[in-house]
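Chemist: Following is a predicted model, sequence given first.
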Amino acid sequence: MASPRMAVQTSTRRQHVLIVGRRTDDGLANTLRSRRMSVHVSADAAHALRVWKPATYDVVLIDVRKHLPGEVIDFCEQIKSRWPRQRIAYLTGPPAYVTLHWPDEIPETHTPDQWEETVHWFLTAA
């Protein structure tokens with residue numbers, strides 16, 4: 001049974017996102033920009049630490065596949081020590097969807113629109 005769609009909450013304030021470990025022309029970055037979010041992309045954790053400022057970004061997305069585990073932990077600890085309220089999410093691979101029937105029901109293929117759909121559901125859940 002499909003879950004009912006919830007209305008996406010809209011805000012007059014533009015959301016600010018820092019993506020770490022991706023390219024500027026990345027599909028995720030482009031999808032977030034198409035949702036009228038302000039997106040800053042940093043190629044690595046060291047650069048992200050130089051550009052990050054407390055209370056600037058609503059969320060920091062870090063691609064853990066592009067960094068050694070120690071780098072990710074160090075990055076998060078440094079951010080949290082300077083701004084404990086900073087929200088950080090870890091990108092672990094292409095978007096996959098978990099349903100109420102998980103783990104029996106996980107799609108095996110990825111479509112080009114999955115980032116768009118994932119962003120929609122994140123905004124719905126927020």
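Modeler: Thanks, I have the structure now.
Chemist: helix/strand/coil for residue 84?
Modeler: Under DSSP: H, G, I helix; E, B strand; the rest coil, residue 84 falls in the coil class.
Chemist: ditto for residue 12
Modeler: Residue 12 is classified as coil under three-state DSSP.
Chemist: Then residue 46?
Modeler: The three-state assignment at residue 46 reads helix, by three-state DSSP.
Chemist: Please tell me how far it sits from residue 58.
Modeler: To residue 58, residue 46 is 22 Å away according to CB to CB, to the nearest Å. Any C-beta I mention is one placed from the backbone N, CA and C, and that applies to glycine too.
Chemist: Equivalent analysis for residue 89, please.
Modeler: Distance, residue 89 to residue 58, by CB to CB: 11 Å.
Chemist: Neighbour count: those two, which is higher?
Modeler: residue 58 (17 against 12; other CB atoms under 10 Å).
Chemist: Quick one, grab the pLDDT at that one.
Modeler: Note for residue 58: predicted pLDDT of 95.
Chemist: what residues are up against the closest residue to it other than its chain neighbours?
Modeler: Distance criterion CB to CB, 6 or more residues apart in numbering; nearest residue to residue 58, sequence neighbours excluded, is residue 15 at 4.9 Å. Residue 15 sits next to 37, 38, 58, 59 when contact means CB atoms under 8 Å, 6 or more residues apart in numbering.
Chemist: tell me the two of those that are most distant?
Modeler: The span of those, defined through CB to CB, is set by 38 and 59 at 11.5 Å.
Chemist: Can you pick out the residue with more neighbours from the two?
Modeler: residue 59 (17 against 14).
Chemist: Could you give the bridge partners of the more buried one?
Modeler: residue 17 (DSSP bridges).
Chemist: doesn't residue 85 make contact with it?
Modeler: No: applying CB atoms under 8 Å, one finds residue 59 not in contact with residue 85, separated by 11.3 Å.
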